[in-house]
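Asks: let's see this in three dimensions:
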Amino acid sequence: MSVATDTKVVTVICFDRIAKVLFGCSADQFFDFARLHPLSGVAVNEILEGEMFTMTLSKPLNCDAQNIRVTSAVPLSSVFRPAIEVLREFNKT
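Replies: Got it, this is the predicted structure:
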């Protein structure tokens, strides 16, 4: 995932705790959903594009790791809906 700060765009890693905030489910559950609905990967980019979050980033604990980790994410919009909710609604129609 790419995150834009006030000065640059960085690649970050999101683990299940953060995936549950953004997607509304674990990464495995989203993978299973995407297997049944192949366009979900593209659609989730469009759903999350432009969403604003307060994120806490941390350096990797492992010396060999290259990407920064997201340790917390809080949506700034009061109308934010996790991506899986939007995708399920879209796929019902």
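
Asks: pull the contacting residues for the residue nearest in space to the middle of the chain.
Replies: The centroid of the chain falls nearest to Leu22 when counting by CA atoms, centre = their mean (4.3 Å). Leu22 makes contact with Cys14, Leu48, Ala73, Pro82, Ala83 under the criterion CB atoms under 8 Å, 6 or more residues apart in numbering. Any C-beta I mention is one placed from the backbone N, CA and C, and that applies to glycine too.

Asks: the third one pairs with what?
Replies: If I follow you right, that is Ala73. Beta-bridge pairing of Ala73 under DSSP bridges involves Met55.

Asks: distance of it from Ile84?
Replies: 15 Å (CB to CB, to the nearest Å).

Asks: what about the strands in the chain?
Replies: Remark: strands assigned in the chain by DSSP state E are 2-4, 9-13, 53-58, 68-75.

Asks: most tightly packed of these?
Replies: Comparing these by mean neighbour count (mean count of other CB atoms under 10 Å), strand 68-75 comes out on top with a mean of 16.
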